[in-house]
Structures are given as C-alpha cells and as structure tokens.
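Asks: need the 3D shape of this:
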Amino acid sequence: MFAFRLDTRSGVPTYLQLVDQVRRGLLLGYLREGDQLPTVREVAAALVVNPNTVAKAYRELERAGLVTPRAGQGTFVSGNVDQVPAATYARLSRGLRGWLRTARDSGLDHEQVRALVSATLDDDEQAQAGAA
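Replies: Reported below is the predicted structural model:
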C-alpha cells in the first residue's frame, strides 16, 4: 500500500505534501487507476497529524479528478496522468542521483538542493517562453 511521509522542514503545508505525493506517485507509476489509498485514519495515525488535514488533501485530490471516495470502501485512484516511461525514469534518475551526490559533496543541504532545482526549472521555463 502507498505510504506517505512528511518533510517538516519544507515549509509546505502538510495537506499539500500529501497531494503532491499522490500526484508524483501517479506520474512515476507507483500509483495506478484503481489503487486504494490508505484511509484518513491510517494516514493521520502514521504521520501523527490531524485527520482533518488528511481529509483536506483527499478532497483536493478528488477536486482534481485524481481520486474517488467510495462510501464504506475507501478512497481509490480514479485519474490518470501521463506517466514517465520506466526506461526514461531509470536512465534519468541514475543521472540525477549522480548530480545529487555532487551537490551534497559541494556542501549543499536538502533545502538548498530543492531551491537550486526550483530556480533552474523556473529559469528554463522563462527561457523556453522567450524562445517561443
């Protein structure tokens, strides 16, 4: 079953972290249509968070068309996103792990790596928009 985790240092609200993890799970093929998510109670207990926070995340996922609650049965993945092909994922993640080792060896911490990646993605998006 899919397991959530929290990064308490990220500054990202808990419910958004949960939403992001489900989206990422779909993109990378860890979750597929028909898969059942853990119950609100299970997630709240495992992460030691308020059940209302988990329920908020599940409602957001439902609004996005990614999950469907079924009364008495649970919450199920109902939407699809374009997945990263497995071979592409394997190849790129190998390269990215090497880059992450280099970043850590250069003294960057998790937050700095995340900021660098976000800034680079933003810069690339602006460059692409300017080229169009």
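Asks: what distance do you get for Asp105 to Val113?
Replies: As for Asp105, its distance to Val113 is 12 Å (criterion: Cβ to Cβ, to the nearest Å). Placement of C-beta: from N, CA and C, glycine included.
Asks: more neighbours, the two?
Replies: Val113 (15 against 8; other Cβ atoms under 10 Å).
Asks: tell me which element that one falls in.
Replies: Using DSSP states H and E, the element containing Val113 is helix 110-131.
Asks: touching that helix from outside, list them.
Replies: Outside helix 110-131, the residues that touch it by Cβ atoms under 8 Å, 6 or more residues apart in numbering are Arg9, Ser10, Leu100, Ala103, Arg104, Leu108.
Asks: can you list the domains in this structure?
Replies: Domain segmentation of the chain under automatic domain parsing yields 14-77, 86-131.
Asks: relative to Ala3, which of the ones you listed is closest?
Replies: Closest approach to Ala3 among those (Cβ to Cβ): domain 14-77, 7.3 Å.
Asks: how long is the closest one end to end?
Replies: End-to-end distance for domain 14-77, by Cα to Cα, to the nearest Å: 20 Å.
Asks: same check, this time on stretch 74-82
Replies: Across stretch 74-82, the terminal residues are separated by 24 Å (Cα to Cα).
Asks: pLDDT of that stretch, averaged?
Replies: Averaged over stretch 74-82, pLDDT sits at 87.
Asks: for this structure, just list every one of the helices.
Replies: 14-27, 40-47, 51-63, 86-105, 110-131 (DSSP state H).
Asks: how much space between the residue nearest the centre of the chain and Ala129?
Replies: Nearest to the geometric centre of the chain sits Gln21, at 2.6 Å (Cα atoms, centre = their mean). As judged by Cβ to Cβ, Gln21 and Ala129 stand 29 Å apart.
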